[in-house]
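Asker: Predicted coordinates and the sequence they were generated for:
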Amino acid sequence: MKNSRFATEGLVLLGCGKMGSAMLAGWLARGLPAASVWVIDPYPSDWLQEQGVHLNTTLPAKPAIVLVAVKPQMMADALPTLKMMGNGTTLFVSVAAGTTISYFEQTLGAQTPIVRAMPNTPAAIFQGITAIVANAAAGPKALDEAEALLSAVGDVVRLDAEAQIDAVTGVSGSGPAYVFHMIETMAAAGVAQGLPAELSMQLAKATVAGAGALALQSEETPSQLRVNVTSPNGTTQAALEVLMDEDHGFPALLKRAVKAATDRARELARG
């Protein structure tokens, strides 16, 4: 990033909460000079004030990229302040949930290059995954730039259409919360079987973290990894007969959960 267009033309971060801070930390760690970053945030954290970036000062007229990371309810006030940067070479990348590309085009101009992104919270430890999709004005080069920017906090995948982003929200955007709740319930179940609470939580956290790492690194599918753990008529099979029940187990429960999150994402996008 040290010799990128971001560094020479400037990068603006509109909003620097948890997600914005994670991204900024990733960029700086990859060599982006702090002097090439401008941040607009009404309540800057102590950490942000120590990074050496331009904070709440006059912005460059035509920065390379504006990354919009404000909360959706603040969008109507924040985005119009950048209208003078629209319809030009500045690429707008949005990580704001529920804000459509058409909203950006209506506010900034139809010829504004725009990439909409859906990251998730493991970005805070550079283990996130972000899905991106662009408007017609952006083109392949803008997608490449957005991917380079967002890969600082994890993997990046490209979508075929903006309509897919609501389902992405249901799976990976909201998904960490599902896993955290599973850790909670696994630990509680261990306590119910006689384990001390602290030990049961340690076991649950390590099991989920280890299984996730194995799923990522193994050449075998998750289905095969599950089979590898399951001995005929053993303890794991006894548990899976409960969890894999088509009516009451994970298949039905997670399908309903992901649908609920996806439906809500669509509602938010409609306003």
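Answerer: Nice, thanks for sending it over. Numbers count the residues shown, from 1 in each chain.

Asker: Run through the strands of the stretch 51-200 of the chain in chain order.
Answerer: All strands of the stretch 51-200 of the chain, identified by DSSP state E, counting those that start in this stretch, fall at 54-55, 65-68, 91-94, 114-118, 128-134, 154-158.

Asker: now the ones you listed as CSV including mean pLDDT, distance to residue 232 and mean neighbour count?
Answerer: In short, each C-beta sits where N, CA and C put it, glycine included. What follows is the strands of the stretch 51-200 of the chain, written out as CSV (pLDDT from 0 to 100; distance: least, Cβ to Cβ, whole Å; neighbours: other Cβ atoms under 10 Å):
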stretch, mean pLDDT, distance to residue 232, mean neighbour count
strand 54-55, 96, 62, 16
strand 65-68, 96, 52, 25
strand 91-94, 96, 50, 27
strand 114-118, 96, 41, 26
strand 128-134, 96, 35, 23
strand 154-158, 96, 36, 16
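
Asker: Give me the contacts around stretch 64-74.
Answerer: Stretch 64-74 is contacted by residues 4-6, 8-17, 19-20, 23, 75, 78-79, 82, 85, 89-99, 145-146, 149, 268 when judged by Cβ atoms under 8 Å, 6 or more residues apart in numbering.

Asker: List only buried entries from those residues.
Answerer: Buried by 16 or more other Cβ atoms under 10 Å: 4-6, 10-16, 19-20, 23, 75, 78-79, 82, 85, 90-99, 145-146, 149, out of the contacts of stretch 64-74.

Asker: Return the subset of these lying in helices.
Answerer: Members of these lying in helices (criterion: DSSP state H): 5, 6, 19, 20, 23, 75, 78, 145, 146, 149.

Asker: And the residues you listed, which is closest to residue 188?
Answerer: Of all those, residue 19 has the smallest distance to residue 188: 29.4 Å, by Cβ to Cβ.

Asker: Spatially, what comes nearest to residue 83 if we skip its sequence neighbours?
Answerer: With sequence-adjacent residues excluded and distances taken as Cβ to Cβ, 6 or more residues apart in numbering, residue 83 is closest to residue 108, at 5.8 Å.

Asker: Let me know whether that neighbour touches residue 81 as I believe.
Answerer: No - using Cβ atoms under 8 Å, residue 108 makes no contact with residue 81, being 10.8 Å away.

Asker: Of the two, which one has the most company?
Answerer: A count of neighbours by other Cβ atoms under 10 Å puts residue 108 above the other of residue 108 and residue 81, at 23 against 11.

Asker: can you tell me how far the more buried one sits from residue 150?
Answerer: Residue 108 sits at a distance of 20 Å from residue 150 (criterion: Cβ to Cβ, to the nearest Å).

Asker: I'd like to know how far the residue sitting nearest the centre point of the chain sits from residue 47.
Answerer: In the chain, the centroid-proximal residue (Cα atoms, centre = their mean) is residue 119; its distance is 1.3 Å. Distance of residue 119 to residue 47, computed by Cβ to Cβ: 19 Å.

Asker: Over to residue 87?
Answerer: 35 Å.

Asker: Have a look at those two and say which one is more surrounded.
Answerer: Comparing residue 87 with residue 47 by other Cβ under 10 Å, the one with more neighbours is residue 87, at 15 against 11.
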